[in-house]
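*Asks:* only the shape, not the letters, is given here:
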């Protein structure tokens, strides 16, 4: 488990723009989840969608790094 964490950390260190985008997407998902009455139609779906994309963004380095 620790080796996988290190792989993700190395990938994010080398690809800082990718890291910023992934964490921005997760932040948007959390923000929508917290302020769901202000968002409009289907805020839970939007929030979960952003969070799923963010989680997949964290799993991507494990697939491309060898």
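*Replies:* In hand now; what should we look at? It should be emphasised that the depicted structure is a prediction, and the values quoted were computed from it without experimental measurement.

*Asks:* nearest spatial neighbour of residue 4, chain-adjacent residues omitted?
*Replies:* Closest residue to residue 4 in three dimensions, ignoring its sequence neighbours and counting by C-beta to C-beta, 6 or more residues apart in numbering: residue 62, at 5.9 Å. C-beta: built from backbone N, CA, C; applies to glycine.

*Asks:* what's the burial count for the one you found?
*Replies:* By other C-beta atoms under 10 Å, 12 other residues sit near residue 62.

*Asks:* what's the spacing between it and residue 8?
*Replies:* Using C-beta to C-beta, to the nearest Å, residue 62 is found at 7 Å from residue 8.

*Asks:* please apply the same query to residue 56.
*Replies:* For residue 56, the distance to residue 8 - C-beta to C-beta - is 13 Å.

*Asks:* okay, these two: which has more neighbours?
*Replies:* residue 8 (17 against 12).

*Asks:* which residues sit in contact with that one?
*Replies:* Residues in contact with residue 8 (C-beta atoms under 8 Å, 6 or more residues apart in numbering) are 58, 61-62.

*Asks:* ok, of these, which one's closest to residue 13?
*Replies:* Comparing the contacts of residue 8 against residue 13 with C-beta to C-beta places residue 61 closest, at 10.4 Å.

*Asks:* sorry, back to before: just the ones in helices from the contacts of residue 8, please.
*Replies:* The helices, defined by DSSP state H, take in 58, 61-62 from the contacts of residue 8.

*Asks:* state the distance from the closest residue to residue 26 other than its chain neighbours to residue 60.
*Replies:* Leaving aside its sequence neighbours, residue 26 sits nearest to residue 54 (C-beta to C-beta, 6+ apart; 3.5 Å). Here residue 54 is placed at a distance of 11 Å from residue 60 (C-beta to C-beta).

*Asks:* re the thing from before, now the ones in helices among the contacts of residue 8 as TSV including pLDDT and distance to residue 19?
*Replies:* Shown next, in TSV, are those (pLDDT from 0 to 100; distance: C-beta to C-beta, whole Å):
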residue	pLDDT	distance to residue 19
58	92	10
61	90	9
62	87	14
